[in-house]
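*Asks:* Provide a 3D model corresponding to the input given below.
(one chain, ligands or ions: 1)
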Amino acid sequence: MHCLVTGAAGYIGSHTVRELLARGATRIVAVDSLERGHRRAIEALERLAPGKVRFARIDVRDRAAMSALMREERPESVLHFAALTLVGESVRQPAAYWSCSAGGTASLLEAMRDAGTERLVFSSTAATYGIPQSMPITEDTPQQPCNPYGSAKLACETMIAEEAEAARRDGRAFGAILLRYFNVAGCASDGSLGEDHDPETHLVPSALQAALGARPALEIFGTDYPTPDGTCIRDYVHVEDLASAHVDALRALRPRECRAFNVGIGHGFSVREVLDACERAVGRPIPANVAPRREGDPPELRSDPARIMRELGWSPRHRTLAPMVESAWRWMQANPRGYDDR
Ligand code: UDP
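*Replies:* Coordinates of the predicted model:
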């Protein structure tokens, strides 16, 4: 396997590179602008597989640089993670999100054409579904995103599906798999990689930062939702299981097809349940305050992962919160300042 991975220095990208290497990748071209990604994540990957990882600091929107790199390397496959990923930020800066997601994907698809690379796994999101009428969410649930992050990702999905249609007409072999992630948590079990966002807005690292004293308290965004304990429910998947879904997707990818799969465990946990799991991992109470609802948060997002289990043979190794929050806590204790490479 010779793969080009965009966003390779980010949270999910770096964990997926580690999984690709563990499952036989011979060469990884790791692309990242380092605007949000971490050089130290790349260094950790280089240590795991000396000589197999080539890092290229490129913004995916730089079509000329991407094209030159792809022509030189001629990777068999591309895994495309590079993007901005914060819903709240996307509401404040929609154009930045469209530029990065849609602009980046267009540039990448053109560079792939230039180099004759025909296989793509794309990092999509449950945010493309918006606020669905019923749970669980299947791949046939209507996609009606309710924020710019979700709409820009949906535009990328459409662009990729149209490329596959064009490939069918033109007799090219281009094919893609779109993975729609639910919530992701946890860190590499060997402690080599972690989760480090600035600003950190995600629930598990925010709760653990409160435990560490790096923030005064966790804010619980809304306790008046129509859910059993009043807090929002999300479907959390361990980042290692998500990473392995990408390798499964790569192996199952077929020319001229564009298939979409949900990646979640099919079970929802409330914010309070996540906080409880974090307190158990930490071994003490975590300061938490009730805060107003966060704009744009649906009460419940839960996947039906039947299709990915059936068609790709994927199955999550972790179905409880404990391994996710325990691995995240171990990494945070070992790296209280994150990658500390800014
Ligand atoms: N959440 C919270 N406090 C925080 C961060 C998140 O109560 O400091 C809640 C948030 O409202 C949502 C859930 O935790 O219901 C998961 O949020 P996260 O930002 O981790 O992921 P998202 O679901 O937005 O992708």
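*Asks:* show me what the helix or strand hosting Asp248 is packed up against.
*Replies:* Here Asp248, judged by DSSP states H and E, is contained in helix 239-252. Other elements packing on helix 239-252 under the criterion 3 or more CB pairs under 8 Å, 6 or more residues apart in numbering; DSSP states H and E are helix 11-22, strand 77-80, strand 119-125, strand 175-181, strand 183-185, strand 258-263, helix 306-312. All C-beta atoms are positioned from the backbone trio N, CA, C, and that covers glycine.
*Asks:* let me have these in CSV, extended by mean neighbour count.
*Replies:* Conversion of the helices and strands packed on helix 239-252 to CSV gives the following (neighbours: other CB atoms under 10 Å):
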stretch, mean neighbour count
helix 11-22, 25
strand 77-80, 26
strand 119-125, 25
strand 175-181, 24
strand 183-185, 23
strand 258-263, 24
helix 306-312, 17
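*Asks:* I'd like to know which of these lies nearest to the ligand.
*Replies:* strand 183-185 (5.3 Å; CB to the nearest ligand atom).
*Asks:* in a markdown table: the helices and strands packed on helix 239-252, plus distance to Gln93.
*Replies:* Formatted as a markdown table, the helices and strands packed on helix 239-252 follow (distance: least, CB to CB, whole Å):
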| stretch | distance to Gln93 |
| --- | --- |
| helix 11-22 | 20 |
| strand 77-80 | 21 |
| strand 119-125 | 17 |
| strand 175-181 | 21 |
| strand 183-185 | 22 |
| strand 258-263 | 27 |
| helix 306-312 | 32 |
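*Asks:* of all those, which one is nearest Asn147?
*Replies:* Across the helices and strands packed on helix 239-252, Asn147 has its closest neighbour in strand 119-125 (10.5 Å, CB to CB).
*Asks:* near the ligand, anything from that closest one?
*Replies:* No - Strand 119-125 does not reach the ligand (CB under 6 Å from any ligand atom); its nearest approach is 8.0 Å.
*Asks:* contact partners of that strand?
*Replies:* The contact list for strand 119-125 (CB atoms under 8 Å, 6 or more residues apart in numbering) reads 7, 12-13, 76-81, 83, 105, 109, 112, 149-150, 153, 156-157, 160, 174-181, 246, 249-250, 253, 260.
*Asks:* repeat for stretch 201-221
*Replies:* 86, 88, 183, 185-186, 195, 197, 200, 231-232, 234, 236, 271-272, 274-275, 278-279, 281-282, 284, 286-294, 297, 324-325, 328-329, 332-333, 336.
*Asks:* go again with 6 Å.
*Replies:* Residues from elsewhere that reach stretch 201-221, judged by CB atoms under 6 Å, 6 or more residues apart in numbering: 185, 195, 200, 271, 274-275, 278, 282, 286-291, 293-294, 325, 328-329, 332.
*Asks:* which of those residues fall in strands?
*Replies:* Applying DSSP state E to the contacts of stretch 201-221, the entries found in strands are Ala185, Ala288, Asn289, Val290, Ala291.
*Asks:* what residues does the residue of the stretch 101-250 of the chain found nearest the ligand make contact with?
*Replies:* Taking CB to the nearest ligand atom, the ligand has its nearest neighbour within the stretch 101-250 of the chain at Cys232, 3.0 Å off. Contact analysis of Cys232 by CB under 6 Å, 6+ apart lists Tyr225, Val271, Asp297, Pro299.
*Asks:* cool, and Met135?
*Replies:* For Met135, the contact set (CB under 6 Å, 6+ apart) comprises Glu300, Arg302.
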